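Novice: only the shape, not the letters, is given here:
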């Protein structure tokens with residue numbers, strides 16, 4: 001019997017295909033790009049500004065100095081001689097920094113595609129500067145600065161003349177900076193994942209292997225890990241961090257393998273050099289004591305800019321009261337402590353302070369201004385609860401930014417413009433003269449900045465090109481050098497050597513030489529090339 005009701009078969013549902021991992025990654029990346037499009041656009045603009053200011057004129061300003069030449073020669077030795085130095089390596093610094101430079105050169109033919117080794121060093125520093133700029137912005141956002149104050153932190157760093165001159169030089173500290181900021185960025189991960197903790201410790205370890213002075217920021221870094229770790233898994237987090245940070249043990253392990261850990265006759269040592277660095281090296285004195293070398297160095301830094309240094313120190317004091325900024329303030333305090341203890345102060349120590357000062361100035365203002373607005377609104381409302389003073393906060397923030405720009409902008413723009421249109425360094429002119437004039441079999445004593453070009457570009461025998469401080473400082477070099485044909489050094493080397501007893505062999509050689517070329521008019525950078533008499537020998541007595 002039929003009822004007249006039509007019975008329909010259930011609709012078949014096709015099973016969905018699982019989304020592939022590559023498709024998920026593409027979707028996730030697109031979602032992240034859309035979500036953060038404002039930040040990405042602002043950051044891209046900031047990177048363009050940083051690149052323009054930093055790269056314009058960087059091949060001619062500032063003048064060539066010694067340490068960058070040393071690091072470039074060591075990077076060249078890593079790539080082409082498979083050694084940590086063209087001379088005896090004596091553990092003056094951990095080799096991670098110039099190994100990174102050598103790796104970039106190996107990947108991109110860095111030394112081969114530039115006219116001068118310093119130009120390749122400039123390229124490496126520009127990359128480090130852009131990474132630092134990006135990390136300052138990202139770390140500011142992660143710490144809750146907001147877009148405006150994160151951008152202000154970047155601009156304080158990118159446009160400050162003191163930052164510009166020191167970040168253009170090929171110093172290991174400039175390579176340390178992005179690794180250090182990466183460590184703090186990962187330590188502040190909102191997900192508190194152990195992988196982020198391991199990554200943070202790894203980055204800090206690489207920073208220490210790049211230059212061991214990064215270790216003075218260890219208390220600040222450990223505080224950052226402590227603050228951001230879950231109390232229930234804090235022990236596990238620090239165990240993971242310790243395991244990742246053990247990468248630093250590669251440095252002493254290398255010395256053990258080379259039988260150069262402890263002092264002994266006939267070899268250099270890690271411990272012996274560390275003892276010399278900490279106890280025997282000539283002390284600079286505290287920057288707080290007038291008349292000391294440390295105070296003179298402090299004044300040299302302030303000639304470029306005083307605002308960011310003093311504002312950063314003041315902000316660090318306030319930041320100790322603000323939990324998210326406390327770790328950065330402690331890291332800055334570690335680097336600043338070196339300046340007041342009375343020990344040796346490296347010429348480039350200020351590099352380590354500057355990214356933290358920029359972050360702390362912007363970070364403190366981002367926290368203090370809303371509090372001031374809230375206090376003012378509540379007072380005006382006779383202590384009644386008033387919510388949403390966002391417009392007033394934004395207005396006051398913009399006013400403060402405009403005030404800052406008006407206060408430092410004119411001086412900064414003049415200083416930056418001067419460095420963006422610098423004149424050719426005298427040592428660079430001397431290099432051109434050498435490459436076109438001197439026979440390749442001559443023995444030349446040179447400034448550090450010239451070694452790599454003369455060997456890599458101009459075809460001189462590495463054994464015939466002697467960096468001046470190795471002439472007396474490296475026993476192997478002093479023993480083999482029986483003649484000197486030319487001296488190519490800045491004029492101030494002879495003045496300082498005569499007064500401090502440095503470079504005695506070069507001084508004696510100059511007394512038996514005639515000037516054949518001169519470059520530059522500034523006494524602090526002028527270079528004279530001397531031809532040494534063929535009748536004089538380094539073995540001759542005074």
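Specialist: Structure received. Since we're looking at a predicted model, the values are computed, not measured. Residues are numbered from 1 along each chain as shown.
Novice: switch to C-alpha atoms for all contacts and neighbour counts from now on
Specialist: OK.
Novice: OK, contacts around the residue most central in space within the chain?
Specialist: Nearest residue to the geometric centre of the chain (C-alpha atoms, centre = their mean): residue 174, 1.1 Å. Taking C-alpha atoms under 8 Å, 6 or more residues apart in numbering, we find residue 174 in contact with 125, 128-129, 167, 351.
Novice: who wins for most neighbours among those residues?
Specialist: For the contacts of residue 174, neighbours were counted using other C-alpha atoms under 10 Å, and residue 129 has the most, 26 neighbours in all.
Novice: tell me the secondary structure at that residue.
Specialist: helix (DSSP: H, G, I helix; E, B strand; the rest coil).
Novice: pretty sure it contacts residue 166?
Specialist: No - look at residue 129 against residue 166 with C-alpha atoms under 8 Å: they stay out of range, at 10.7 Å.
Novice: ranges for the helices of the stretch 51-200 of the chain?
Specialist: 66-76, 96-108, 117-142, 147-159, 161-168, 172-187, 194-210 (DSSP state H, counting those that start in this stretch).
Novice: looking at those, which is closest to residue 465?
Specialist: With C-alpha to C-alpha as the measure, helix 66-76 is the member of these nearest residue 465 (11.5 Å).
Novice: pull out the buried residues from that closest one.
Specialist: 67-76 (16 or more other C-alpha atoms under 10 Å).
Novice: next, count neighbours for residue 333.
Specialist: Neighbours of residue 333 using other C-alpha under 10 Å come to 21.
Novice: ok, now the one 5 residues further on?
Specialist: Here the neighbour count serves as a burial measure; for residue 338 (other C-alpha under 10 Å) it reads 19.
Novice: from memory it sits against residue 345, does it?
Specialist: Yes - assessed by C-alpha under 8 Å, residue 338 is found in contact with residue 345 at 6.7 Å.
Novice: burial check on residue 399, number of neighbours?
Specialist: Residue 399 - counted by other C-alpha under 10 Å - has 12 other residues nearby.
Novice: and it, that's in a strand?
Specialist: No - Residue 399: not assigned to a strand; according to three-state DSSP it is helix.
Novice: quick one, phi psi at residue 57?
Specialist: phi 80, psi 10 (degrees, to the nearest 10).
Novice: so how far is residue 490 from it?
Specialist: Here residue 57 is placed at a distance of 22 Å from residue 490 (C-alpha to C-alpha, to the nearest Å).
Novice: which one of these two has more residues nearby?
Specialist: Per other C-alpha under 10 Å, whichever of residue 57 and residue 490 has more neighbours is residue 490, with 24 against 18.
Novice: contacts only, for the residue lying closest to that one once chain neighbours are set aside.
Specialist: Spatial nearest neighbour of residue 490, excluding adjacent residues (C-alpha to C-alpha, 6 or more residues apart in numbering): residue 527 at 4.2 Å. Contacts here follow C-alpha under 8 Å, 6+ apart; on that basis residue 527 touches 426-427, 430, 488-491, 518-520.
Novice: same deal with residue 246?
Specialist: So residue 246 contacts residue 205 (C-alpha under 8 Å, 6+ apart).
Novice: just residue 312 next, same as before
Specialist: 356-358, 360-361.
Novice: among those, which are in strands?
Specialist: Among the contacts of residue 312, no residue falls in strands (DSSP state E).
Novice: tabulate the residues you listed (JSON lines), appending pLDDT and neighbour count.
Specialist: Formatted as JSON lines, the contacts of residue 312 follow (pLDDT from 0 to 100; neighbours: other C-alpha atoms under 10 Å):
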{"residue": "356", "pLDDT": "98", "neighbour count": "27"}
{"residue": "357", "pLDDT": "98", "neighbour count": "26"}
{"residue": "358", "pLDDT": "98", "neighbour count": "25"}
{"residue": "360", "pLDDT": "98", "neighbour count": "28"}
{"residue": "361", "pLDDT": "98", "neighbour count": "25"}
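Novice: returning to what we had before: how about the buried residues of helix 66-76 in TSV, adding distance to residue 397 and pLDDT?
Specialist: As requested, those are exported to TSV (distance: C-alpha to C-alpha, whole Å; pLDDT from 0 to 100):
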residue	distance to residue 397	pLDDT
67	41	94
68	40	95
69	44	95
70	45	95
71	43	97
72	44	97
73	47	96
74	47	97
75	45	97
76	48	97
